[in-house]
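Enquirer: Make a model of this:
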Amino acid sequence: MAATKKNTYGDGVDWIRGSIIGKGGFGSVYAATLKKNTENKLRFPSVMAVKSSEVSVSTTLQKEMEIMSDLKGSPYLIECFGHEATISSDGTFLAYNLLLEYCSGGTLGERIKKSGDKGLPESEVRVYTRCIVRGLYHMHGAGYVHCDIKPDNILLVPQVNNSASFTAKICDFGLAKREVRNFKKRRITRGQNWQGTPMYLSPEAVRDNIQEAPSDIWALGCVVLKMLTGKPVWEGDTAGEIINKIGAEEELLPDIPDYLSDEAMDFIKCCLWRNPSYRFTAQILMDHPFLDGLTEDGDSYRPTARVMFDRPFLDGLSEDDDDEDSDSEDDSFGDSYCFAKAIVDDLSLYSY
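Expert: Residues are numbered from 1 along each chain as shown. Down below sits the predicted model:
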């Protein structure tokens, strides 16, 4: 049943549905405001985004609600205030509604388009990248994979102390799933079973239908490249052409312009290893020089604990090797990024 009026899905107990602000494969998103006489003003913000679909086809929205409940606690993931069923304005069906944080800055995709597709300033890209990395770190740490990281699934929220600057937040968890952390248990299947947007799919997703945490990191690298250049990561007139390039046996890689800073190029390369085993984790990337010195949320966040590596390229390293000279002030492996970078550089496998 098509939603032709702003209130087709009906109003909530405490809120009034406004105009539609977005539409996706799993539901439509509306702006909503609290009713003046509501007793739940402390529970809900004055303005929300309400994602709705008919109850009969709301399985994905209900799954999204469960995932968001598991992922509470990160300021870099969109906040969910709950869910509610409403009756359509004509009384013919029930609607399922997710009550979400309203992000007045729009999507990152819209922000890139406003640049005239010329790309955003690197200083701005660094801020958004840091937010996305920290959001992924929270997700992956909780055992989830997003499976559809792209500019249109990153929302911008004005910072509390500076309305001209934005915090980037990951949204749309409809395709998210539990991660299979044991590499040996990951099933390789043939045929097109991947989920997500072709432009941001990883090679292992296209070739083997494997989408785990490293696939999100690949997509992150593509998003950063898109932010910096304003151009599509892959050239191609159809989704099929793009898929063929990503899964090509000659192992093609996106073009990284040499006018980018060394830190930006290195960050992207750390995300775009075709072999997912060598791709850097979100925890390692938080320590990357590209993100140094950022304090948009009032702290200069740096992980203090050494990352627990679970990538095969680190197999065979003994604890003695890892801890050697660890007390030295000039230890070149003093943080997770430098440690991983030194090992990966030694492999000499990257093809850029």
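
Enquirer: how is the chain carved up into domains?
Expert: Listed domain ranges for the chain are 15-101, 108-347 (source: automatic domain parsing).

Enquirer: Flag whichever of these has the least confidence on average.
Expert: Among the domains of the chain, domain 108-347 has the lowest mean pLDDT, at a mean of 80.

Enquirer: which residues sit against stretch 161-170?
Expert: Outside stretch 161-170, the residues that touch it by CB atoms under 8 Å, 6 or more residues apart in numbering are 75-78, 101, 103, 105, 108, 127-128, 131-132, 135-136, 139, 146, 149, 153-159, 296-297. Bear in mind the C-beta positions are built from the backbone N, C-alpha and C, glycine included.

Enquirer: Could you rerun that using 6 Å?
Expert: For stretch 161-170, contacts defined as CB atoms under 6 Å, 6 or more residues apart in numbering pick out 76-78, 105, 128, 131-132, 135, 154-159.

Enquirer: CA atoms of that stretch as PDB?
Expert: Output of stretch 161-170 as PDB, limited to C-alpha atoms (Å, rounded to 0.1, in the frame of the first residue of the first chain):
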ATOM      1  CA  ASN A 161      29.300  23.500  21.000                       C
ATOM      2  CA  ASN A 162      29.700  24.400  17.300                       C
ATOM      3  CA  SER A 163      26.600  24.100  15.100                       C
ATOM      4  CA  ALA A 164      28.800  24.800  12.000                       C
ATOM      5  CA  SER A 165      30.600  21.500  12.600                       C
ATOM      6  CA  PHE A 166      29.100  18.000  12.400                       C
ATOM      7  CA  THR A 167      29.500  14.600  14.000                       C
ATOM      8  CA  ALA A 168      29.100  11.700  11.600                       C
ATOM      9  CA  LYS A 169      26.900   8.800  12.700                       C
ATOM     10  CA  ILE A 170      26.400   5.400  11.100                       C
END
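
Enquirer: in it, what counts as buried?
Expert: Phe166, Thr167, Ala168, Lys169, Ile170 (16 or more other CB atoms under 10 Å).

Enquirer: any idea how far the spatially closest residue to Lys118 that is not a sequence neighbour is from Val160?
Expert: Spatially, and ignoring its direct neighbours in sequence, Lys118 is nearest to Gly230 (4.7 Å; CB to CB, 6 or more residues apart in numbering). According to CB to CB, to the nearest Å, Gly230 stands 29 Å off from Val160.

Enquirer: who's more crowded, the two?
Expert: Gly230 (15 against 10; other CB atoms under 10 Å).

Enquirer: Let me know the helix or strand that Ala32 is in.
Expert: Under the criterion of DSSP states H and E, Ala32 resides in strand 27-34.

Enquirer: Tell me the gap between that strand and the middle of its chain.
Expert: Distance of strand 27-34 from its chain centroid, counting by CA atoms, centre = their mean, to the nearest Å, is 22 Å.

Enquirer: Name every strand pairing with that strand and say which way it goes.
Expert: Paired neighbours of strand 27-34 in the sheet (DSSP bridges): strand 15-24 (antiparallel), strand 47-54 (antiparallel).

Enquirer: what about the strands in this protein?
Expert: Counting by DSSP state E, the chain has strands at residues 15-24, 27-34, 47-54, 80-87, 94-101, 144-145, 154-159, 162-170, 177-178.

Enquirer: Distance to Gly196 added to those strands, as CSV?
Expert: Formatted as CSV, those follow (distance: least, CB to CB, whole Å):
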stretch, distance to Gly196
strand 15-24, 13
strand 27-34, 17
strand 47-54, 19
strand 80-87, 21
strand 94-101, 20
strand 144-145, 10
strand 154-159, 14
strand 162-170, 14
strand 177-178, 11
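
Enquirer: Go ahead and flag the most central residue of this protein.
Expert: Ile149 (4.2 Å; CA atoms, centre = their mean).

Enquirer: quick revisit: pretty sure the residue nearest to Lys118 contacts Leu120?
Expert: No: contact criterion CB atoms under 6 Å: Gly230 and Leu120 do not qualify, at 7.6 Å.

Enquirer: Please enumerate the helices of the chain.
Expert: Using DSSP state H, the helices of the chain run over 59-70, 108-114, 122-141, 203-208, 213-229, 239-246, 262-271, 282-285, 319-323, 336-347.

Enquirer: And the contacts of the second one?
Expert: The contact list for helix 108-114 (CB under 6 Å, 6+ apart) reads Pro151, Asp152, Ile154, Gly230.

Enquirer: Restricted to buried residues, select these in ChimeraX.
Expert: Remark: buried members of the contacts of helix 108-114, expressed as a ChimeraX selection using 16+ other CB under 10 Å:
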select :151,152,154
